[in-house]
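Novice: okay, structure incoming, though there's no sequence with it:
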């Protein structure tokens, strides 16, 4: 599975969890966590829409003056 | 801050996202059903932020004032985050005279005790096939562990 596949939204938004595990992508994704920025390193900055009003929120605006807690999640 | 990522266990009722509009609709449904009071930010369809931070389904990061990673955990524990925040804020309160603050980092194993009944209810909310696919995945993990 090359980087081209990984850049495809269909790859990221897998349709079946068992297929995702059977292909070993769960292990690759866990490995991605450990190569993500370490404690002390600069955090990646993104501007994401706020669900309540659609306004773009820049993460660096949130962590400028106080610590920012970010929990990633979904229904499950 | 809650960042809505991809559906980890898509099913008949809550499928994988095939458009940003669907992703927004799923995020709104989650806010209603889970009663999330925090602000929710929605990642893009391709998971740009989720990828940059490491692709785990329910992880927590704390970014210190100024933008450096202060804490990362590949699974969320509210208790751990709260305890860490207390220490982080206390550390900003100053240090003993004649000392210099020096940072170091810790990596440690944590344990969690999933509530299987509640998790299965969540899977069922996404759809019956999400339950079947998780059971299949458990078999695959067992086979992986045996080799």
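Specialist: Sure, I can see it. From a predicted model like this one, the values you see are computed outputs, not experimental measurements.

Novice: let me know the outermost residue of the chain.
Specialist: As the question left the chain open, I've gone with chain A. The C-alpha centroid of chain A is most remote from residue A:65, which lies 23.3 Å away (C-alpha atoms, centre = their mean).

Novice: chain B, not that one
Specialist: Most remote from the centre of chain B, using C-alpha atoms, centre = their mean: residue B:98, at 39.9 Å.

Novice: need phi/psi at it.
Specialist: Here is the backbone geometry of residue B:98 (degrees, to the nearest 10): phi 80, psi 0.

Novice: and whichever residue of chain A sits closest to chain B, how far from residue B:59?
Specialist: Here the residue of chain A nearest chain B is residue A:33; by C-beta to the nearest C-beta that distance is 3.3 Å. The C-beta positions use only the backbone N, C-alpha and C, and glycine is treated the same way. Distance of residue A:33 to residue B:59, computed by C-beta to C-beta, to the nearest Å: 7 Å.

Novice: and the helices in chain A, which stretches?
Specialist: Using DSSP state H, the helices of chain A run over A:3-6, A:9-12, A:17-22, A:25-35, A:59-62.

Novice: run the chain-centre distance for the second one.
Specialist: The gap between the average C-alpha position of helix A:9-12 and the chain average comes to 13 Å, counting by C-alpha atoms, centre = their mean, to the nearest Å.

Novice: tell me which residues in that helix are buried?
Specialist: By neighbour count with 16 or more other C-beta atoms under 10 Å in any protein chain shown, helix A:9-12 contains the buried residues A:9, A:11-12.

Novice: and it, does that touch chain B?
Specialist: Yes. Helix A:9-12 reaches chain B (C-beta under 8 Å from any C-beta of the partner chain) through A:9-10, A:12.

Novice: looking at chain B, which helix or strand is least sure?
Specialist: Lowest by mean pLDDT, DSSP states H and E among the helices and strands of chain B is helix B:78-91, with a mean of 93.

Novice: can you spell out which helices and strands pack onto it?
Specialist: Contacts defined by 3 or more C-beta pairs under 8 Å, 6 or more residues apart in numbering or on different chains; DSSP states H and E place helix B:78-91 against strand B:60-63, strand B:69-73.

Novice: coming back round to it: residue A:33 and residue B:59: who's more crowded?
Specialist: Taking other C-beta atoms under 10 Å in any protein chain shown, residue A:33 and residue B:59 do not tie; residue B:59 has more neighbours (22 against 16).

Novice: re the thing from before, can you check which residues contact both of residue A:33 and residue B:59?
Specialist: B:53, B:72, B:74 (C-beta atoms under 8 Å, 6 or more residues apart in numbering or on different chains).
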